[in-house]
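In: got a structure for you, letters missing:
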């Protein structure tokens, strides 16, 4: 191992340590005092409920860092006040959504709505059963204008409940705490609803509002408790004596669901990579500008370290090829991050191409490979470390826009499930072509080394500095070298905060920040989920310029 490997390893393990510390804090939700208060009511926390419900098998958490460093003026909203995991209940893969009542009594912030919609999106795409563990005070009123009326706001949840029911997707809800106002529709629009005695309640308006609105005096338990809804109104289907009893009933219901139609993705017995997976920490460079061979990463992710390259000598700044992860057959599209030598024709001399940049020939190769995977019904895995498309007169005259458009078209129209892992850079249109969030990957995760932005912090700061200088000089201010350096650093610091993987994760531009060694688990669970949804469309790129 060389000195650079050791430096890279130290740097990436520090990033991983930071990830673990942040996650440990997020897992506390509203804090230890609020957890104690929650326990004093005889209730499990959202995470405890999920842990009790899920089998002791692999699971993944979606958007754990949603809301990170957002809403600080409102006291924060750790993990968006809702926990979402994909895991197994009685051997069946499900998605579980649990309100965290230790965070503002489980109230819905704008990001809470977005996270819940993401859970439903995953359920719809993969036809996965979804379980709601409800314990929420409803919309967070100080921000109601950002969560209530729009298409992607709170009301969309109930619209999705109805659509999912028509699709035959199993929805089960357990009311384990408050369930008020518009939020009361979610459990009742599910296939089956449970309610916990004495702690669960459902009503469109609580006792105080009822008193104010119509003058009726009534307590919340009589108004909308478990006995009322199981024996009087018939709103709920099962009464549970406590949280564990409710969760046991859910397990029993899931255990009796019939088998599902399968997409039929190819899977054989899983093999571990031959190459040492932990070497990834030493391979990923400390500097996002440094070069490395993406093949070294791929060999540490795929079964047996076996990667069958497609068009190996052509379009070398993108690697394409077939492999397996946890036994599942996959097609890989990965940005090559080292300088490569390419020859256009025997009559032309070789030229160097920059790693991480998409050229016309690499875009063309990726397009053809994506089409092949669609024809063969092979899920696609995108490994992103991309700075964008090649610019300049030579590229423009060579039709880079046309070739890039073809690649974007292929990614957009792909009917096989797509999974995206952001390893390093994810800049500009490169993010789009390599299946960024806007292109419907079934799951998208980032490593701690990832950066997402229109361009790097250094490049953006240089551009923004020129604009700032011009504006100040127009106002008659003289810009000294020292002032210019100060401005540059200020702009770069602000921009660097925005390219952080945590900034992206907090806004659910990714589904999570993960340890590189968890990548195989994420992709395997993702493909297993996708296997629940047979492909109903054919691959068609429409009209494109060839």
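Out: Here it is on my side, so go on. Everything quoted here is computed from the prediction, not taken from an experiment.
In: pLDDT on stretch 513-533, on average?
Out: In this model, stretch 513-533 has an average pLDDT of 98.
In: check the offset of that stretch from the chain's centre.
Out: Here stretch 513-533 is found 11 Å from its chain centre; the criterion is C-alpha atoms, centre = their mean, to the nearest Å.
In: what about that stretch, start to end distance?
Out: End-to-end distance for stretch 513-533: 26 Å, by C-alpha to C-alpha, to the nearest Å.
In: equivalent analysis for stretch 219-233, please.
Out: Using C-alpha to C-alpha, the distance between the terminal residues of stretch 219-233 is 16 Å.
In: give me the buried positions along stretch 524-544.
Out: Using 16 or more other C-beta atoms under 10 Å as the test for burial, stretch 524-544 gives 524, 525, 526, 527, 528, 529, 530, 531, 532, 533, 539, 541. (Each C-beta comes from the backbone N, C-alpha and C, glycine too.)
In: report the buried residues of the helix ranked longest in the chain.
Out: Using DSSP state H to define each element, the chain has its longest helix at helix 3-26. Going by neighbour count (16+ other C-beta under 10 Å), the buried part of helix 3-26 is 8, 9, 11, 12, 15, 16, 19, 22, 23, 26.
In: the first one and residue 287 touch, don't they?
Out: Pointing back at residue 8 there. No - taking contacts as C-beta atoms under 8 Å, residue 8 lies outside contact range of residue 287: 9.2 Å.
In: so how far is stretch 353-362 off the chain centroid?
Out: Remark: stretch 353-362 is offset 27 Å from the chain centroid, using C-alpha atoms, centre = their mean.
In: coming back round to it: what does the longest helix of the chain contact?
Out: 64-65, 68, 78-79, 280-286, 448-449, 502, 513, 515-516 (C-beta atoms under 8 Å, 6 or more residues apart in numbering).
In: how does it look with 10 Å?
Out: With C-beta atoms under 10 Å, 6 or more residues apart in numbering as the contact definition, helix 3-26 has outside contacts at 1-2, 31, 61, 64-68, 78-79, 83, 278-287, 290, 292, 447-450, 501-502, 505, 512-517.
In: now for whatever helix or strand comes next after that helix, which elements pack on it?
Out: Remark: after helix 3-26, the chain's next helix or strand is helix 32-40, criterion DSSP states H and E. Counting by 3 or more C-beta pairs under 10 Å, 6 or more residues apart in numbering; DSSP states H and E, the packing neighbours recorded for helix 32-40 are helix 46-53.
In: who are the packing partners of whichever helix or strand comes after the helix it packs on?
Out: Of the helices and strands lying after helix 46-53 in sequence (DSSP H and E), the nearest is strand 60-61. Contact here means 3+ C-beta pairs under 10 Å, 6+ apart; on that basis strand 60-61 packs against strand 82-89, helix 519-530.
In: partners of strand 60-61, with directions?
Out: When pairing is defined by DSSP bridges, strand 60-61 lines up against strand 82-89 (antiparallel).
In: quick one on the thing from earlier: are any of the contacts of helix 3-26 buried, and which?
Out: When neighbours are counted using 16+ other C-beta under 10 Å, the contacts of helix 3-26 contain these buried positions: 61, 64-68, 78-79, 83, 279-286, 292, 447-450, 501-502, 505, 512-516.
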